[in-house]
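J.: With the input below, show me the fold.
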Amino acid sequence: MKSIRKRIKASVGCGSLGNCETWRPFCLCMGLLLCGNSASAAQRLAPPAVYTGIPAALQISPAPADQSRDPQTLGRVSGRVVDPSGVAASGATVKLTAPAQSLDQETLTDEDGRFLFVDVVPGALRLTLSAPGFATQTLPVNLSPGENFFVPQIALPIATKVTEIRVVPPPSQVEIAKAQIKEEEKQRALGFIPNFYVSYIPNAVPLTARQKLTLAGKTLIDPVTFGITGAVAAIEQADDEFGGYGQGAQGYAKRYGAAYADTVTGVLIGNAILPSVLKQDPRYFYKGSGSKRSRVLYAIANSVICKGDNGRWQPNYSGILGSVAAGGISNLYYPAHDRGAGLTFENTLIGIGASAAANILQEFVVKKLTPNLPNHNTANPEDH
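T.: Numbering: from 1, shown residues only. Model (predicted):
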């Protein structure tokens, strides 16, 4: 025995046979057999303990698995959705929610109207079904652990349509007339000459007294009106009409003032004041249809007749009396030897003749030269 122990010690201690750790199990067994002191030998030959650095009391054990997510407890929710006639509601949206569990799943029904939710946590659930054109349905579902819950066939009711009807009062006559006047104020022959007193709408709404006065005022302050008045005064001075005014700048200024005064009195009295009092429309209503002869006669007649605010044709008292009043007032500022009844009636006849000529031009010429016309005019093949 002693010789064997010496050989083992020599082999362990010299290291000639390799790493001591390789022979440690062998030595341990031999020590237990030969030395008989198993405890001390095990302690001497056992490897040192590994230091974890964390006390055993503070080490945390792994958390137990969530029993609610146990595959054995998860359930299924399925069902079928149809319309009121029993036809499958394909493509309906189905939501499965459980606020207490923060569950929110969504799916669409198949061609047969069926839906399916798998791996659903059991508990109190809510099923919401919706589809375009149908009222939304909400159903409670109480799912037990591991249950395969089939919802009875669900029929979606048709959504009730709410039709809102708003009764909007029609625009008043004043508002319609205001809109028509705005269109007439855009009418300018050649793009710049005022053509306000022509209506291309045959059934235009009659103007109020205020609107008649407003239209007259816009005509009188238009730059083209001042330009035409200046041209008239220049022609009168070149022909030495109303010689009492003399020549030169002073004579031209007097002629200009007299011509503009004629325009003011004629427009205010004949197109605003008297038409308001007598309830007549001062505008010319474009005919635009019929033969040329009928249109010429219509244009000439409109120099002595007009349409009343009641829509009926009647003598043009406003225009005729307006010309007479303007001629009478002109006796206040024309030269003394040019005054008298002759001047008054002369201006009246000139006014009537000028209206007839202007109306003929309106029927056949001016309309073609006037842009921005309303779209409600009477069409005439001869105009195109």
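
J.: backbone phi and psi for the residue nearest the centre of the chain, please?
T.: In the chain, the centroid-proximal residue (Cα atoms, centre = their mean) is Arg166; its distance is 18.8 Å. Main-chain dihedrals, Arg166, degrees, to the nearest 10: phi -100, psi 130.

J.: Now do it, the pLDDT please.
T.: If you check Arg166, the pLDDT there is 75.

J.: same question, Val174
T.: With respect to pLDDT, Val174 scores 86.

J.: quick one: it from Leu207, how far?
T.: Separation of Val174 from Leu207 (Cβ to Cβ, to the nearest Å): 9 Å. C-beta coordinates here come from the backbone N, C-alpha and C atoms, glycine included.

J.: Then Gly113?
T.: Separation of Gly113 from Leu207 (Cβ to Cβ): 67 Å.

J.: related to what we said a few turns ago, looking at Val174 and Leu207, which one has more neighbours?
T.: Ranked by neighbour count (other Cβ atoms under 10 Å), Val174 and Leu207 place Leu207 first, with 25 against 13.

J.: correct me, but the more buried one touches Glu184?
T.: No. Taking contacts as Cβ atoms under 8 Å, Leu207 lies outside contact range of Glu184: 10.0 Å.

J.: For stretch 80-89, measure first residue to last.
T.: 8 Å (Cα to Cα, to the nearest Å).

J.: same deal with stretch 126-146?
T.: Distance between the two ends of stretch 126-146: 18 Å, counting by Cα to Cα.

J.: And that stretch, what's buried?
T.: Applying a neighbour-count criterion of 16 or more other Cβ atoms under 10 Å, one finds 127, 129-131, 134, 137, 141, 143 buried in stretch 126-146.

J.: Stretch 101-116 too?
T.: Neighbour counts over stretch 101-116 (16+ other Cβ under 10 Å) mark 109, 113, 115 as buried.

J.: can you tell me which of these lies nearest to Ser276?
T.: Of all the buried residues of stretch 101-116, Ser276 sits closest to Thr109, with 73.3 Å by Cβ to Cβ.

J.: Among the buried residues of stretch 101-116, pick out the one closest to Phe226, please.
T.: In terms of Cβ to Cβ, no member of the buried residues of stretch 101-116 lies closer to Phe226 than Thr109, at 79.4 Å.

J.: For that closest one, list the residues it contacts.
T.: 80-81, 88-92, 94, 115 (Cβ atoms under 8 Å, 6 or more residues apart in numbering).

J.: what's the neighbour count on the nearest residue to it once chain neighbours are set aside?
T.: Leaving aside its sequence neighbours, Thr109 sits nearest to Ala92 (Cβ to Cβ, 6 or more residues apart in numbering; 4.5 Å). Neighbourhood size, Ala92 [other Cβ under 10 Å]: 23.

J.: Make sure Ala92 is actually in contact with Leu108.
T.: Yes. Here Ala92 lies in contact with Leu108, judged by Cβ under 8 Å, at a distance of 6.8 Å.

J.: what touches both of the two?
T.: Joint contacts of Ala92 and Leu108 (Cβ under 8 Å, 6+ apart) are Phe115.

J.: now the helices for the stretch 51-200 of the chain?
T.: With DSSP state H, counting those that start in this stretch as the criterion, the stretch 51-200 of the chain has helices at 173-184.

J.: So the closest residue to Tyr317 other than its chain neighbours versus Ala209, what's the distance?
T.: Leaving aside its chain neighbours, Tyr317 sits nearest to Leu278 (5.5 Å; criterion: Cβ to Cβ, 6+ apart). Applying Cβ to Cβ, the value for Leu278 to Ala209 is 11 Å.
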